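>>> model this:
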Amino acid sequence: MATPATVRRGVVHGKTIELDEETGLSDGHKVNVLVQPIESGAQRLPSGEGLRRACGGWAEDAEELDAYLEWNRQQRKISRPEIAP
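Take a look at the predicted model:
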């Protein structure tokens with residue numbers, strides 16, 4: 001049976017969407033549908049480029065990044081229970 005977050009691809013034919021694979025749901029089962037077109041001409045980024053772009057916001061402010069990461073480590077220590085020997 002399909003889970004609530006199952007994603008399927010398909011093709012639109014008027015008011016009907018023909019899915020590429022079975023959903024596992026019974027005929028007549030009501031569902032919500034979010035339609036997102038698949039861009040046929042969309043370019044894929046080279047491997048790792050998305051991460052480089054996402055982290056690029058810190059590129060000019062390494063000191064602030066270091067301060068944030070240290071603050072984050074300290075916050076994790078506060079809520080962490082002591083480990084018994």
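>>> How far does the helix or strand bottoming out on mean pLDDT in the chain sit from its chain's centre?
Sorting the helices and strands of the chain by mean pLDDT, DSSP states H and E puts helix 49-55 at the bottom, at a mean of 79. Centre-to-centre, helix 49-55 and its host chain are 15 Å apart (C-alpha atoms, centre = their mean, to the nearest Å).
>>> Could you list the buried residues of the helix or strand just after it?
Per DSSP states H and E, the first helix or strand lying C-terminal to helix 49-55 is helix 62-79. Residues of helix 62-79 include none that count as buried (16 or more other C-beta atoms under 10 Å). From N, CA and C alone the C-beta is placed, and that goes for glycine too.
>>> Work out the gap between helix 62-79 and the centre of the chain.
From the chain centre to the centre of helix 62-79 is a distance of 25 Å (C-alpha atoms, centre = their mean).
>>> what does that helix rub up against?
By C-beta atoms under 8 Å, 6 or more residues apart in numbering, the residues outside helix 62-79 that reach it are Trp58.
>>> Tabulate the CA atom coordinates of that helix in PDB.
The C-alpha trace of helix 62-79 is given here as PDB (Å, rounded to 0.1, in the frame of the first residue of the first chain):
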ATOM      1  CA  ALA A  62      34.500  32.500   7.800                       C
ATOM      2  CA  GLU A  63      35.000  34.100  11.300                       C
ATOM      3  CA  GLU A  64      31.200  34.400  11.800                       C
ATOM      4  CA  LEU A  65      30.800  30.800  10.600                       C
ATOM      5  CA  ASP A  66      33.300  29.600  13.100                       C
ATOM      6  CA  ALA A  67      31.600  31.500  15.900                       C
ATOM      7  CA  TYR A  68      28.200  30.100  14.900                       C
ATOM      8  CA  LEU A  69      29.500  26.500  14.800                       C
ATOM      9  CA  GLU A  70      31.200  26.900  18.200                       C
ATOM     10  CA  TRP A  71      27.900  28.300  19.600                       C
ATOM     11  CA  ASN A  72      26.000  25.400  18.200                       C
ATOM     12  CA  ARG A  73      28.500  22.900  19.800                       C
ATOM     13  CA  GLN A  74      28.000  24.600  23.200                       C
ATOM     14  CA  GLN A  75      24.200  24.500  22.900                       C
ATOM     15  CA  ARG A  76      24.300  20.800  22.200                       C
ATOM     16  CA  LYS A  77      26.400  20.200  25.300                       C
ATOM     17  CA  ILE A  78      23.900  22.000  27.500                       C
ATOM     18  CA  SER A  79      21.100  19.600  26.600                       C
END
